[in-house]
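Colleague: the amino acid sequence is not available; the structure is as follows:
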DNA sequence: TTAAATTGACCACAACTGTTGTCAGGTTAA
DNA sequence: TTAACCTGACAACAGTTGTGGTCAATTTAA
């Protein structure tokens, strides 16, 4: 039964701990080698667990990938909410949100790569339309809305694309600017996103 | 020798024809199944040729992928140049360029996916920094430049990201707008890209 | 101590990969 | 017709993949 204690912890606890190890390994591989590096066996090697424990927590390779993505998606959402909850003034809110986002991604680039690249590169995420970023963007820029629904959708999609590309370029070193300039530019992108020309 | 004729054509001709079949098959797979679908064997099956002929024209899987990408990259470049050569007025030029680009990609979505997605998703393209799009963007927006070099670089990277994301969303059906509105929005993106806020 | 639960190390299967090699026809110039 | 060449269908290699199973050793509650 679940309640019985074993080696100091309960079975469910250990199972959860193993699941966490697997997700962590998945994050590591997905965030450094890309989705090609995330095979069941590689994840298990990395987590120092056997395949048996993989299928104890996930039915699929796919399920693991989704779990990793949503795990760090949740972290990002939380970081955004926290950042925004402090300030009321719109421009300051946007700035705080962007700063929080950048900080999350630069302090752990693996997370940045997972959040930005994985939904495009990994079939497990591509197929289902599991993209968290658009909802984030609407969360940030939704208030200052110009235009009709279609217009706003295009703007939001474009904004996410612009931010992603800039971040990615920064992460892989092809964009050499200071962190503050990066944040500054992104803030301008967000603020200027739905201005009409 | 190359000059000798065989079955009505020269050896070099047939070899070139086979290479073309392989590139076409590669485009088909890369543009529909994504880079995971592009294996040597799959390409050969698709082209109705044997592996032998693959290695007759390419040393590597990688070489084929690069060839496909550059092949349609060249088509895109040509389309842009043609479109721009007609008109002189800057805003009209941008509009014509965007229209030509959209037309190329919508008339054959495989090409759109190859041009936009492949350089991000396929290791063979990711590793080497073979990204044609940034140079296209600079070709289009380079003239109306505000700010210093770093600023322009960020703007250009962001612009490409925004356009890519909008195109991709349109291609996979998650963005439902008319073709004309799409073009219109993209033109505004290009024109408004380096306005300061 | 005994019996049950948990663990880790493997192995097996079929399918796929890149790459190279072989070998029996067919086609053509001489 | 003969000899050179071209072609297509395969086989072989060692490697990886997902997914499942087995089995002996350990750890614990009773």
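Modeller: Everything's here; your move. Predicted model, so just to flag it, every value in this text is computed and none were measured.

Colleague: give me the pLDDT value at residue A:141.
Modeller: Reported pLDDT at residue A:141 in the predicted model: 56.

Colleague: tally of neighbours for residue A:50?
Modeller: Look at residue A:50: counted by other CB atoms under 10 Å in any protein chain shown, it has 12 neighbours. Bear in mind the C-beta positions are built from the backbone N, C-alpha and C, glycine included.

Colleague: who's in contact with it?
Modeller: Contacts for residue A:50 (CB atoms under 8 Å, 6 or more residues apart in numbering or on different chains) come out as residue A:44.

Colleague: please repeat the previous calculation with a cut-off of 10 Å.
Modeller: A:18, A:44, A:56 (CB atoms under 10 Å, 6 or more residues apart in numbering or on different chains).

Colleague: show the subsequent helix or strand relative to the biggest helix by length in chain A.
Modeller: Ranked by residue count under DSSP state H, the longest helix found in chain A is helix A:61-86. Toward the C-terminal end, the helix or strand that comes next after helix A:61-86 (DSSP states H and E) is helix A:90-107.

Colleague: what pLDDT, on average, does that following helix get?
Modeller: If you average the pLDDT values across helix A:90-107, you get 88.

Colleague: what helices or strands is that helix leaning on?
Modeller: Helix A:90-107 sits against helix A:61-86, helix A:109-116, helix A:133-141, helix A:149-171, helix A:179-192, with contacts defined as 3 or more CB pairs under 10 Å, 6 or more residues apart in numbering or on different chains; DSSP states H and E.

Colleague: for that helix, buried residues please.
Modeller: A:93-102, A:104-106 (16 or more other CB atoms under 10 Å in any protein chain shown).

Colleague: any chance of those in JSON lines, plus distance to residue A:193?
Modeller: Listed next are the buried residues of helix A:90-107 as JSON lines, based on distance: CB to CB, whole Å:
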{"residue": "A:93", "distance to residue A:193": "14"}
{"residue": "A:94", "distance to residue A:193": "10"}
{"residue": "A:95", "distance to residue A:193": "14"}
{"residue": "A:96", "distance to residue A:193": "17"}
{"residue": "A:97", "distance to residue A:193": "13"}
{"residue": "A:98", "distance to residue A:193": "12"}
{"residue": "A:99", "distance to residue A:193": "17"}
{"residue": "A:100", "distance to residue A:193": "18"}
{"residue": "A:101", "distance to residue A:193": "15"}
{"residue": "A:102", "distance to residue A:193": "17"}
{"residue": "A:104", "distance to residue A:193": "20"}
{"residue": "A:105", "distance to residue A:193": "19"}
{"residue": "A:106", "distance to residue A:193": "22"}
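
Colleague: neighbours around residue A:41, how many?
Modeller: Residue A:41 has 10 neighbouring residues, counting by other CB under 10 Å.

Colleague: figure out the helix or strand that it lives in.
Modeller: helix A:40-47.

Colleague: immediately after that helix, which helix or strand?
Modeller: With elements assigned by DSSP H and E, the helix or strand that comes after helix A:40-47 is helix A:51-57.

Colleague: check which helices and strands that next one is in contact with.
Modeller: Applying 3+ CB pairs under 10 Å, 6+ apart, we find helix A:51-57 packed against helix A:11-32, helix A:40-47, helix A:61-86.

Colleague: show me what contacts the residue nearest the centre of chain A?
Modeller: Residue closest to the average C-alpha location in chain A (CA atoms, centre = their mean): residue A:115, at 3.0 Å. Residues near residue A:115 by CB under 10 Å, 6+ apart: A:31, A:69, A:72-73, A:75-76, A:101, A:104-105, A:131-133, A:136, A:164, A:167.

Colleague: and stretch A:173-181, how far out from the chain middle?
Modeller: From the chain centre to the centre of stretch A:173-181 is a distance of 20 Å (CA atoms, centre = their mean, to the nearest Å).

Colleague: stretch A:56-74 too?
Modeller: The answer for stretch A:56-74 is 12 Å, by CA atoms, centre = their mean.

Colleague: swap in stretch A:52-69?
Modeller: Put simply, stretch A:52-69 sits 17 Å off its chain's centre (CA atoms, centre = their mean).
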